[in-house]
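1. Predicted structure and sequence below. I'll ask about it afterward.
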Amino acid sequence: MTVLVTGGAGYIGSHMVLALVEAGESVVVIDNLSTGFSSALPEGVPLYIGDAGDENLVEGVIANHDIEAIIHFAGSVVVPDSMRDPLGYYRNNTITTRNLLAAAVKGGVRRFIFSSTAAVYGNPDQMPVTEDAPTRPMSPYGASKLMSEIMMHDAAAAHDFQFVVLRYFNVAGADPLARIGLATVGATHLLKIAVEAATGQRAKVDVYGTDYPTPDGSCIRDFIHVSDLAQAHRAALAYLRLGGTSTTLNCGYGRGYSVLDTIEAVRRVAGYNFAVQYAPRRPGDIMTMIADTGRIRATLDWTPQYDDLPTIATHALAWEVKLAQSRGGDQWRRAESA
């Protein structure tokens, strides 16, 4: 039996594929390579270059590879972009998920793990936020993911399959051995931007909003290491294989760091005091988002290994140094602390 990973050549998906392969699983990937890289996949993993919303393609992969479960990462993930192009996000996220579910139902796949987001909550009334909190997304990105969750609930009730929805908080870091990491040019993840600045690839880091009612005025986020996130998906797969029923789980550590705290963590790890520029708030940004992790810890056999911001920053920096060297030789630098 084989696991199909959509978006498996992307940032999170490639870490998922690596974790599955290292656990001895048979894996196949569908990815259109719009933000992913075939080089991020372990040798021997079949890659179908195409759209995860192409029902004919997915049906063929399910039939040819005896697919037992689908882990669905493929989609668009940048909140400000979704404000500018909402229809593109509803196409790439919601419609793609609908078509993938249709192909899964037709092919008899009974286990589905979905990559969702804490953005479905909007600005929560209470913190940390539980899975039962009201869902009031503030961006088309969050809305597109919530619509996908609703479709999954309805389809599962009608067609007798089980699913786990994992609502990610802020994913960061890279493989601890620096084999893979976030390689997309122009990525908007805060840790990625900070380590690019720390390696001399950016002149500065922009901080959007310093007037929030938080201790230092910047937004607060719950970061989770990408390798821990991949292991959470493995735990979700094991849960479903043991007969677990459909559930929705927050995926974070339950600890918040401000944007300015995060920048300082990267500065300390890199030993370089790169520039920071302050800018107005961005539409769609959420002030504070911290996960209540009680349900995931009670439901899954999952223990995070990298629950520490300096460790996340260290792994992200090591990957960025490797990436910068591969792209530009000596263009990267590790400057002395200012």
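-> Structure's in. What do you need? Numbers count the residues shown, from 1 in each chain.
2. how about residue 144, what does it touch?
-> Residues in contact with residue 144 (CB atoms under 8 Å, 6 or more residues apart in numbering) are 75, 82, 89-90, 92-94. Backbone N, C-alpha and C define where each C-beta goes, glycine included.
3. Surely residue 272 is in contact with residue 198?
-> Yes: in this structure residue 272 lies within contact range of residue 198 using CB atoms under 8 Å: 5.2 Å.
4. So which of these two has more stuff around it?
-> Neighbour count, other CB atoms under 10 Å: between residue 272 and residue 198, residue 198 has more, with 28 against 19.
5. for the more buried one, what are its contacts?
-> 266-267, 269-270, 272, 274, 317, 320, 334.
6. What is the nearest of the contacts of residue 144 to residue 231?
-> Closest to residue 231 out of the contacts of residue 144 is residue 75 (21.0 Å), distances taken as CB to CB.
7. hmm, back to that, which pair in the contacts of residue 198 spans the largest distance?
-> Top of the distance list for the contacts of residue 198 (CB to CB): 267 and 320, 13.9 Å.
8. Pick out whichever of the two has more residues nearby.
-> residue 320 (27 against 20).
9. Disregarding flanking residues, what is the spatial nearest neighbour of the more buried one?
-> residue 195 (4.1 Å; CB to CB, 6 or more residues apart in numbering).
10. The helix or strand hosting residue 207 - which strands sit beside it in the sheet, and in what orientation?
-> Residue 207 belongs to strand 204-208 when assigned by DSSP states H and E. Applying DSSP bridges, strand 204-208 is found paired with strand 275-279 (parallel).
11. The partner strand: which residues count as buried?
-> Neighbour counts over strand 275-279 (16 or more other CB atoms under 10 Å) mark residue 276 as buried.
12. Just after that strand, pick out the following helix or strand.
-> Later in the chain than strand 275-279, the nearest helix or strand by DSSP H and E is strand 288-289.
13. backbone phi and psi for the residue nearest to residue 320, please?
-> Per-residue torsions, residue 195: phi -70, psi -30 (degrees, to the nearest 10).
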